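A.B. asks: turn this into a model:
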Amino acid sequence: RPEQLQPGQTLFSKGEPATDLWILGRGCAVELLVSAPQLPRPVRTAVLQAGETLGEVALVDGTEHSMTAVVLSGGAAWRLSAADFAPLRIAKEPVAYKVLRKIAFDLGQRVRQVTAKVSQLDTPVLPDPVSWQGASPVGPSSLPLYPAFRLVPFSVQLALQQMLTEQVLPKGSLVMREGDLGDAIYLVVEGRVALRWRWKSLTNIGMGGVFGLLSVMDRGSSFASAVVVEPARIWRLGAEDFEVLYRAHHPFAYELVELVARQLVARLHSANAALIAQGAGGSGLDETLALADFNPALEPVPG
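C.D. replies: Sure thing, here's the model as predicted:
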C-alpha cells in the first residue's frame with residue numbers, strides 16, 4: 001500500500017511486534033536507532049534512503065523489532081504486511097523470493113554497518129584456503145547423502161549433481177577465509193566445520209549444515225573463516241550455479257534464500273545487542289555474536 005511519510009514519524013519501535021515491511025521511495029530517509037535503559041542516548045546504526053527496505057523481520061520470522069525507525073525526510077513509501085505476503089511465500093511465487101532476496105541483501109549491508117561500529121579487533125592473517133580446482137564431481141548415487149536432497153526428484157538430482165563438486169578434507173583445512181569475496185556455498189555432508197570470526201569461535205557445523213550463504217547473497221566478503229575440526233566431506237555450489245538455480249525457480253535455491261534471511265535477522269539482533277553492551281561499557285561484539293543462528297540445517301526440499 002502506498003504511504004506518505006512525514007519527518008519525525010516513528011514507523012516502529014524496539015520491542016513492538018513486527019507486522020509490516022517498508023520500501024522507501026524518492027526523497028525518503030529513515031534512521032534506525034538502538035536504545036536500552038543502560039545507554040545514555042539512542043545509538044544510530046544506519047540511515048536508509050530511497051530503494052531500501054526496513055522492517056524485514058516481519059516477513060522473515062515475525063519476531064519483535066530490535067530497533068526503532070524514525071523518519072528524517074518525508075516522501076512516498078510502500079507498506080507490505082506480513083499477512084499479505086504469507087500466501088505468496090507459501091505458494092513459492094517468484095515475486096516473493098525476489099522480495100526475500102532484496103531483504104537478504106539489505107540486511108547483509110546493515111549487519112556489516114553495525115559490525116563495523118563495534119568491532120575493535122583486526123582481521124586475522126590466515127593462509128590461503130583449500131583450492132577447488134580439480135575437485136571431484138558429486139556422483140549421482142551420493143546426492144541423497146545430503147538430507148535436503150532426499151526428496152528431490154531424480155531428474156532434479158541429475159541437474160544438481162552437474163553443479164556440485166566435493167572434497168574430503170582433513171582436520172585443520174581452511175575452507176573459507178574471513179574477508180575474501182564470497183564465491184560459493186558449502187554443504188557439509190560428513191564431519192564438522194567450525195566458523196570463526198576475528199579469532200573467536202562462533203559455532204560448529206555438522207552434517208546437513210551450510211555456510212558461505214551470506215556473502216553470496218549480498219555479493220560481499222565472507223563474515224567468518226571456516227576450518228575443518230573433524231575430517232569432513234564438503235560439497236561446493238558455485239555462486240554462478242546458484243544463480244542458475246534461482247532463475248529457474250528451483251525449490252533448493254528458494255530454501256537457501258529463506259535460510260540466509262533468517263540467519264541475517266539473527267545476526268542483526270546479536271550485533272545490536274553487542275552495540276548496546278559496548279555503549280554501556282561492555283566488550284562489544286564478543287559472546288553476543290555466538291547467539292546468532294549460523295547453522296540451521298536445511299530441511300528436505302520437495303521437487
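
A.B. asks: return the distance of Arg26 relative to Ala194.
C.D. replies: Arg26 sits 45 Å away from Ala194, going by Cβ to Cβ, to the nearest Å. C-beta: built from backbone N, CA, C; applies to glycine.

A.B. asks: between these two, which is the more surrounded one?
C.D. replies: Between Arg26 and Ala194, Ala194 has the larger neighbour count (other Cβ atoms under 10 Å), namely 16 against 10.

A.B. asks: burial check on the closest residue to that one other than its chain neighbours, number of neighbours?
C.D. replies: Sequence neighbours aside, Val229 is the residue nearest to Ala194 in space, at 4.7 Å (criterion: Cβ to Cβ, 6 or more residues apart in numbering). If you count neighbours by other Cβ under 10 Å, Val229 ends up with 16.

A.B. asks: next one: Val125
C.D. replies: By other Cβ under 10 Å, the residues close to Val125 number 7.

A.B. asks: what segments of this protein are helices?
C.D. replies: Using DSSP state H, the helices of the chain run over 57-60, 82-90, 94-118, 154-161, 213-218, 239-247, 251-279.

A.B. asks: dump those helices to TSV, plus mean pLDDT.
C.D. replies: Compiled in TSV, the helices of the chain are given as follows (pLDDT from 0 to 100):
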stretch	mean pLDDT
helix 57-60	83
helix 82-90	90
helix 94-118	79
helix 154-161	79
helix 213-218	82
helix 239-247	90
helix 251-279	75
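
A.B. asks: export these to a markdown table and tack on mean neighbour count and distance to Pro147?
C.D. replies: Shown next, in a markdown table, are the helices of the chain (neighbours: other Cβ atoms under 10 Å; distance: least, Cβ to Cβ, whole Å):
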| stretch | mean neighbour count | distance to Pro147 |
| --- | --- | --- |
| helix 57-60 | 25 | 23 |
| helix 82-90 | 14 | 22 |
| helix 94-118 | 20 | 22 |
| helix 154-161 | 15 | 14 |
| helix 213-218 | 24 | 17 |
| helix 239-247 | 15 | 18 |
| helix 251-279 | 22 | 12 |
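
A.B. asks: how about JSON lines for those helices, with distance to Met207 added?
C.D. replies: Listed next are the helices of the chain as JSON lines, based on distance: least, Cβ to Cβ, whole Å:
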{"stretch": "helix 57-60", "distance to Met207": "25"}
{"stretch": "helix 82-90", "distance to Met207": "27"}
{"stretch": "helix 94-118", "distance to Met207": "25"}
{"stretch": "helix 154-161", "distance to Met207": "17"}
{"stretch": "helix 213-218", "distance to Met207": "17"}
{"stretch": "helix 239-247", "distance to Met207": "21"}
{"stretch": "helix 251-279", "distance to Met207": "16"}
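
A.B. asks: out of those, nearest to Trp22?
C.D. replies: Of all these, it is helix 57-60 that lies closest to Trp22, at 9.2 Å by Cβ to Cβ.

A.B. asks: name the helices or strands packed onto that closest one?
C.D. replies: strand 20-24, helix 82-90, helix 94-118, helix 251-279 (3 or more Cβ pairs under 8 Å, 6 or more residues apart in numbering; DSSP states H and E).

A.B. asks: next one: the third one to chain centre, how far?
C.D. replies: If you compare the mean C-alpha spot of helix 94-118 with that of the full chain, they lie 7 Å apart, counting by Cα atoms, centre = their mean, to the nearest Å.

A.B. asks: is the residue nearest to Ala194 in contact with Val188, as I believe?
C.D. replies: No. Counting by Cβ atoms under 8 Å, Val229 sits too far from Val188 to count as a contact (11.1 Å).

A.B. asks: what about stretch 84-100, how long is it end to end?
C.D. replies: By Cα to Cα, to the nearest Å, the extent of stretch 84-100 from end to end equals 14 Å.

A.B. asks: then stretch 192-203?
C.D. replies: Start to finish, the residues bounding stretch 192-203 are 10 Å apart (Cα to Cα).

A.B. asks: for Glu3, what are its contacts?
C.D. replies: 22, 76-79 (Cβ atoms under 8 Å, 6 or more residues apart in numbering).

A.B. asks: return the member of these nearest to Thr63.
C.D. replies: Of those, the one sitting nearest to Thr63 (Cβ to Cβ) turns out to be Trp22, at 16.7 Å.

A.B. asks: report how many residues lie close to that closest one.
C.D. replies: A count of nearby residues for Trp22, using other Cβ under 10 Å, gives 24.
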